[in-house]
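K.L.:
quick check, what structure comes out for this input:
(one chain, ligands or ions: 1)
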Amino acid sequence: MADSPFPDLNVSDFGFLNDITTRQMCSYCGKSRMYYCYTCFKPLATLQDKMPDVQLPFYVDIIKHPGEICGKSTSVHAAILSPRHVNIHIYPNIPQYLVNNVVAGKEDENQFGGSTVLLYPCKESFPLKEFVATRFNNMQQKKIDVTHGVLQRVVFIDSTWFQAYKILTDHRLQNIPRIELDAYETKFWRYQLDKPSTYLSTIEAIYYCVKEYSACIKQLSHDSGCESHVNTRLFSKELITTSDVSTKTGLTITKSNEDCVGYVNPESNVKPLINLNEPNYDDLLFFFCFFYCKIRKNASESGRILKSYSQQRKKKQ
Ligand SMILES: [Zn+2]
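P.N.:
Predicted coordinates for the structure are as follows:
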């Protein structure tokens, strides 16, 4: 697709979303919505079966600043496209993470234990690849099964960079190791003008984190010769996770100053998988690509050029 912000990725066909011209009522809260409900974190009932369902290699927790407008946030995309593995917490209602920086014998003993990391580039952050390689090697040495996940849970902050400071300095997040990704250019149409173009939207950050992690595990498994073992375990585990997501309901836990509620997935017993067969993580960008194309089309029809598109073009010249 020529207009796609990520022409090389294998994103499922979102063409059916272009045919939707009227809003429908969310079957959970009754509010009028177009594609999904950004306060219930659910797709509209008529679209539910058409959405991709992305299996992630770790749990994703998103801590959302209450001032972030839900309808404009890309973190909602993750909760809808990967309902089993994504939780959204509205700050200051966040979990008390039990952190185990050193590899222990029992991973993820309770819901928030195990190897939790916070994705945030700062002077204390480790490059993801370095952090994962160290943990992987420690687990191998201690004969801990890596299919349990070298990372169990990655925490993301969804806020402006200014608001993020308050969340970052919260005492409940102080002991969680911080990791950072390689540099990627954002394609977000609402990127913050005064920030570098490598500051990603939340869904882009989740996507690149999943991709980097999965490539890193693949390489480490290959190098250490445990690839076939990881693959065998994968298939037996996959059978457990094919239940129907359409019957799942979210448990609302927090209420912010607008009508946006936090979402915790009740299916947290469905463990994320390390999948060396590369599931289609590209579909995490399903809504991102749809909105990008739609906004760009609307903009060009009215004679405007999308900010991130003109930025891309400038670079090519
Ligand atoms: Zn709703």
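
K.L.:
okay, now Gln96: neighbour count?
P.N.:
When neighbours are defined as other CB atoms under 10 Å, Gln96 has 9 of them. From N, CA and C alone the C-beta is placed, and that goes for glycine too.

K.L.:
an error on my part: the question was meant for Cys216.
P.N.:
Neighbour number of Cys216 under other CB under 10 Å is 19.

K.L.:
does it touch Thr134 like I think?
P.N.:
No - if you go by CB atoms under 8 Å, Cys216 and Thr134 don't touch, sitting 11.1 Å apart.

K.L.:
residue boundaries of the helices in this structure?
P.N.:
For the chain, the helices defined by DSSP state H cover 15-18, 75-81, 128-141, 161-168, 202-224, 227-238, 286-301, 307-316.

K.L.:
nearest to the ion, out of those?
P.N.:
Nearest of those to the ion, taken as CB to the ion: helix 75-81 at 11.1 Å.

K.L.:
C-alpha coordinates for the closest one, PDB please?
P.N.:
Extracted in PDB, the C-alpha atoms of helix 75-81 (Å, rounded to 0.1, in the frame of the first residue of the first chain):
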ATOM      1  CA  SER A  75      -2.600   3.000  23.900                       C
ATOM      2  CA  VAL A  76      -6.300   2.000  23.400                       C
ATOM      3  CA  HIS A  77      -5.200   0.200  20.100                       C
ATOM      4  CA  ALA A  78      -3.100  -2.200  22.100                       C
ATOM      5  CA  ALA A  79      -5.900  -3.100  24.600                       C
ATOM      6  CA  ILE A  80      -8.300  -3.800  21.700                       C
ATOM      7  CA  LEU A  81      -5.800  -5.700  19.400                       C
END
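
K.L.:
how near is Lys166 to Ser73?
P.N.:
Separation of Lys166 from Ser73 (CB to CB, to the nearest Å): 17 Å.

K.L.:
among the two, which residue is more densely surrounded?
P.N.:
Neighbour comparison, Lys166 and Ser73: the larger count goes to Ser73, with 22 against 12 (by other CB under 10 Å).

K.L.:
give me the neighbour count for His171.
P.N.:
Neighbours of His171 using other CB under 10 Å come to 7.

K.L.:
likewise Ala215?
P.N.:
Neighbour tally, Ala215, other CB under 10 Å: 13.

K.L.:
which residues does Pro43 contact?
P.N.:
Shown in contact with Pro43 (CB atoms under 8 Å, 6 or more residues apart in numbering): 35-37, 51, 80.

K.L.:
grab the nearest non-local neighbour of Arg190.
P.N.:
Lys72 (6.8 Å; CB to CB, 6 or more residues apart in numbering).

K.L.:
pretty sure the one you found contacts Trp189?
P.N.:
No - Lys72 is beyond contact range of Trp189, at 10.3 Å (criterion: CB under 8 Å).

K.L.:
of those two, give the one with the bigger neighbour count.
P.N.:
Neighbour count, other CB under 10 Å: between Lys72 and Trp189, Trp189 has more, with 17 against 9.

K.L.:
and the gap between the more buried one and the ion?
P.N.:
24 Å (CB to the ion, to the nearest Å).

K.L.:
so that residue makes contact with Lys294?
P.N.:
No - under the criterion of CB under 8 Å, Trp189 is not in contact with Lys294, lying 10.0 Å apart.

K.L.:
pLDDT score assigned to Leu81?
P.N.:
Looking at Leu81, its pLDDT stands at 95.

K.L.:
that one and Val54 touch, don't they?
P.N.:
Yes - look at Leu81 against Val54 with CB under 8 Å: they come within range, at 5.1 Å.

K.L.:
what is in contact with these two at once?
P.N.:
By CB under 8 Å, 6+ apart, Leu81 and Val54 have these common neighbours: 283-284.

K.L.:
get me the contact residues on the stretch 1-150 of the chain for the ion.
P.N.:
26, 28-29, 37, 40 (CB under 5 Å from the ion).

K.L.:
turn those residues into a markdown table, including neighbour count and pLDDT.
P.N.:
Shown next, in a markdown table, are those (neighbours: other CB atoms under 10 Å; pLDDT from 0 to 100):
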| residue | neighbour count | pLDDT |
| --- | --- | --- |
| Cys26 | 19 | 95 |
| Tyr28 | 17 | 93 |
| Cys29 | 14 | 94 |
| Cys37 | 24 | 94 |
| Cys40 | 23 | 90 |
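
K.L.:
okay, these in CSV with distance to Val11 next?
P.N.:
Listed next are those as CSV, based on distance: CB to CB, whole Å:
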residue, distance to Val11
Cys26, 25
Tyr28, 27
Cys29, 28
Cys37, 22
Cys40, 24
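
K.L.:
quick one: the spatially most central residue of the chain from Ser75, how far?
P.N.:
By CA atoms, centre = their mean, the mean C-alpha position of the chain lies nearest to Ile206, the distance being 3.6 Å. Ile206 sits 8 Å away from Ser75, going by CB to CB.
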